[in-house]
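In: One predicted model, sequence on top.
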Amino acid sequence: MQRTLRLGTRGSLLAMAQSRQVAAQLMSLHRGLDVQLHPVTTRGDRDLSTALGKVDDPDFFSAELDAALLDGEVDFCVHSLKDLPAQRHAGIARAALPVRENPRDVIVWRSDVLARIAAGEPLRIGASSPRRQGNIAAFLPAALPARGKPPVLQFIELRGAVDARLARLQGEVAAADTLDGVVLALAGLSRLWNDAAARPRVASLLRNVRWTVLPLARCPAAAGQGILAIECRSEDGEMLELLRALHDPDTAELAALEEAALARWPAAQRTALGATAVMHQGLGPVCHVHGTADGQAVEGLVWNQPPPPHTAVRAFNGIAWQRLCQRQLANSTLPELASLPAGSAVFVAYWHALQNQQLNDDIRLWTSGIESWRQLAARGFWVEGCGDHLGFEDIRTTLGCPVLGLPPLPEWTAVTSGEAVPGWLDSGIGRVLASYAIVPPADGPALQAVKAEAARATHCYWSSAGQFHALRAVLPANAHHACGAGKTRSSLHAAGVDAQPFPNQHEWRRWLQ
């Protein structure tokens, strides 16, 4: 039997796109169902001049939709979760949180941004929140390629629909309003790209742009970003049951973790804080928190770390052995990298892998973590994004995000050390180059001291499997082994070691205290 439902939504290009996607999912799950969109203009849509950080109205983007729902004008509503107040009307029930879209923030840049950096021109960046402005101001100067004077960042308050914000990069507006970069949610861009009606407009605005996919470790998004909230009337049990089919438990768990991570601060202090949780294959839910609260810097991770050791700890970090090693560059990789055509994608496993190489400015360059990003930027490379030290698998979905326009993985090149090449063979990346080899240290007092320290260890941390294999013969049989959450863990597991994964070395040391 045919049934028609009215879906309440804001009327922006993005709101309509994401509501169409929800409607399509719902109709695919329930035969005979027809969902019609009912656009509603909220006061947040009418007031485009007030900066979001100064809005003291929890119902800024939802009041009119709530009224339409409670008055029976619509049967259910689709919201962006981050736009909803914590306290909802008693007559409104949250029916579902569908599968989350990518939660990261991105900066979309004009195509000539490298020339402006080289010329020492100020970079005008449109950003809509204190959180974005504060975190980006702290991270970006060392993350942009060093091409002359340190970049000067000018943040411009920015409101309005996504397409209107992107238009300010393209010369479609007066020169005085043109921006060099716009900070946006990748989730919104992805939903627009995936919507047949919206894609032509978005594609035209994204032609020839440059990207910075901001790292969650330094620039987490607003809590709930990328999550849609579907609501209906509390008394409508049939509608609740129908909509519940769209609910994703993992998404709900991540949303609750982000909310809990910020709960220690009063609501008024959270505007400059970001909190983004991801579901990691080896670590479970991991929440990045970064920003300022009450004038103090806030940085940390929330994750389900194992119980602390009960015995006295003698910690050993395998990096002590690696510091004694030499790196022998493989010049054979130089011509292969230099000849990559524009638009090719390269993943740098560690910044040492690009010691003397030169790349075309149009190469799409990604790396493993923040430190490698900074080192590569200091050498003049444009780095587009990183893996937040959580391993390649954690960003595989991001690399495949269609709106970013990256090549498929079989067309990528990974650059790493010779010892790490085998660990990349099952990554899906088409070509793996060894740009350097790690040469073990010669025997001597320094090496003997490291071996003696390893022989006494109760707890060891390995940032590469090579470190473990070099010292395996002297390690105590009952030593506890730990490592990062990426390829090192897989390599250790292949060697018969069940290593405890940690997000990074800092978290391992904190666990031992």
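Out: Arrived safely. As the structure is a computational prediction, the values presented were derived from the model and not from experiment. Numbers count the residues shown, from 1 in each chain.

In: helix/strand/coil for Leu192?
Out: Following DSSP: H, G, I helix; E, B strand; the rest coil, the label given to Leu192 is helix.

In: ok, now which ones touch it?
Out: Neighbouring residues of Leu192 by CB atoms under 8 Å, 6 or more residues apart in numbering: 13-14, 17, 162-163, 198-199, 201-202, 403. To be clear about C-beta, it is placed using only N, CA and C from the backbone, and glycine gets the same treatment.

In: ditto for Asp362
Out: Contacts of Asp362 (CB under 8 Å, 6+ apart): 342-343.

In: all numbers from here: first residue = 37
Out: That works, and once the first residue is 37, the last one we named lands at Asp398.

In: Can you pull out the low-pLDDT segments for the stretch 387-536 of the chain?
Out: For the stretch 387-536 of the chain, no stretch has pLDDT under 70.

In: sorry, back to before: the contacts of Leu228 into a markdown table, with extra columns for neighbour count and secondary structure?
Out: Putting the contacts of Leu228 into a markdown table (neighbours: other CB atoms under 10 Å; DSSP: H, G, I helix; E, B strand; the rest coil) gives the following:
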| residue | neighbour count | secondary structure |
| --- | --- | --- |
| Leu49 | 19 | helix |
| Leu50 | 22 | helix |
| Ala53 | 23 | helix |
| Val198 | 24 | helix |
| Asp199 | 17 | helix |
| Ala234 | 20 | coil |
| Arg235 | 16 | helix |
| Arg237 | 16 | helix |
| Val238 | 24 | helix |
| Val439 | 22 | helix |
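
In: Quick one: distance of stretch 301-318 to the chain centre.
Out: Centroid separation between stretch 301-318 and its chain, computed with CA atoms, centre = their mean, to the nearest Å, is 13 Å.

In: Straight-line length of that stretch, end to end?
Out: One end of stretch 301-318 sits 29 Å from the other (CA to CA, to the nearest Å).

In: Show me which residues of that stretch are buried.
Out: 301, 305-314, 316, 318 (16 or more other CB atoms under 10 Å).

In: Adding secondary structure and distance to Val325 as columns, could you present these in JSON lines?
Out: Shown next, in JSON lines, are the buried residues of stretch 301-318 (DSSP: H, G, I helix; E, B strand; the rest coil; distance: CB to CB, whole Å):
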{"residue": "Trp301", "secondary structure": "coil", "distance to Val325": "10"}
{"residue": "Gln305", "secondary structure": "helix", "distance to Val325": "13"}
{"residue": "Arg306", "secondary structure": "helix", "distance to Val325": "10"}
{"residue": "Thr307", "secondary structure": "helix", "distance to Val325": "14"}
{"residue": "Ala308", "secondary structure": "helix", "distance to Val325": "12"}
{"residue": "Leu309", "secondary structure": "strand", "distance to Val325": "7"}
{"residue": "Gly310", "secondary structure": "strand", "distance to Val325": "7"}
{"residue": "Ala311", "secondary structure": "strand", "distance to Val325": "5"}
{"residue": "Thr312", "secondary structure": "strand", "distance to Val325": "8"}
{"residue": "Ala313", "secondary structure": "strand", "distance to Val325": "9"}
{"residue": "Val314", "secondary structure": "strand", "distance to Val325": "13"}
{"residue": "His316", "secondary structure": "strand", "distance to Val325": "16"}
{"residue": "Gly318", "secondary structure": "coil", "distance to Val325": "20"}
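
In: which residues in the stretch 187-336 of the chain form helices?
Out: With DSSP state H, counting those that start in this stretch as the definition, the stretch 187-336 of the chain shows helices at residue ranges 198-203, 222-229, 235-241, 273-279, 285-298.

In: Report the rounded mean pLDDT for the third one.
Out: Right, the one you point to is helix 235-241. For helix 235-241, mean pLDDT is 95.

In: tell me what that helix is packed against?
Out: helix 198-203, helix 222-229 (3 or more CB pairs under 8 Å, 6 or more residues apart in numbering; DSSP states H and E).

In: Give me the contact list for that helix.
Out: Residues contacting helix 235-241 (CB under 8 Å, 6+ apart): 49, 198-199, 202-203, 205-206, 225, 228-229, 439.

In: pLDDT weak spots in the stretch 87-236 of the chain?
Out: 87-95, 207-210.

In: Please, where are all the strands along it?
Out: Using DSSP state E, counting those that start in this stretch, the strands of the stretch 87-236 of the chain run over residues 112-116, 128-132, 141-145, 159-163, 189-193, 217-221.

In: quick one on the thing from earlier: mind giving me TSV with the helices and strands packed on helix 235-241 and columns for distance to Pro443?
Out: Putting the helices and strands packed on helix 235-241 into TSV (distance: least, CB to CB, whole Å) gives the following:
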stretch	distance to Pro443
helix 198-203	23
helix 222-229	16
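
In: Quickly compare those and say which is most buried.
Out: Of the helices and strands packed on helix 235-241, the one with the most neighbours on average (mean count of other CB atoms under 10 Å) is helix 222-229, at a mean of 24.

In: can you give me the angle that helix makes with strand 141-145?
Out: 60 degrees (axes from the mean of the first three to the mean of the last three CA atoms, to 10 degrees).

In: how far does helix 222-229 sit from the chain's center?
Out: The answer for helix 222-229 is 14 Å, by CA atoms, centre = their mean.

In: can you state the direction angle for it and strand 217-221?
Out: 90 degrees.

In: Pull out the CA atoms of helix 222-229 and give them to me as PDB.
Out: Extracted in PDB, the C-alpha atoms of helix 222-229 (Å, rounded to 0.1, in the frame of the first residue of the first chain):
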ATOM      1  CA  LEU A 222      34.200  17.300   4.300                       C
ATOM      2  CA  ALA A 223      30.900  15.600   5.100                       C
ATOM      3  CA  GLY A 224      28.900  18.400   3.600                       C
ATOM      4  CA  LEU A 225      31.000  18.500   0.400                       C
ATOM      5  CA  SER A 226      30.700  14.700   0.100                       C
ATOM      6  CA  ARG A 227      26.900  14.800   0.400                       C
ATOM      7  CA  LEU A 228      26.600  17.500  -2.200                       C
ATOM      8  CA  TRP A 229      28.900  15.600  -4.500                       C
END
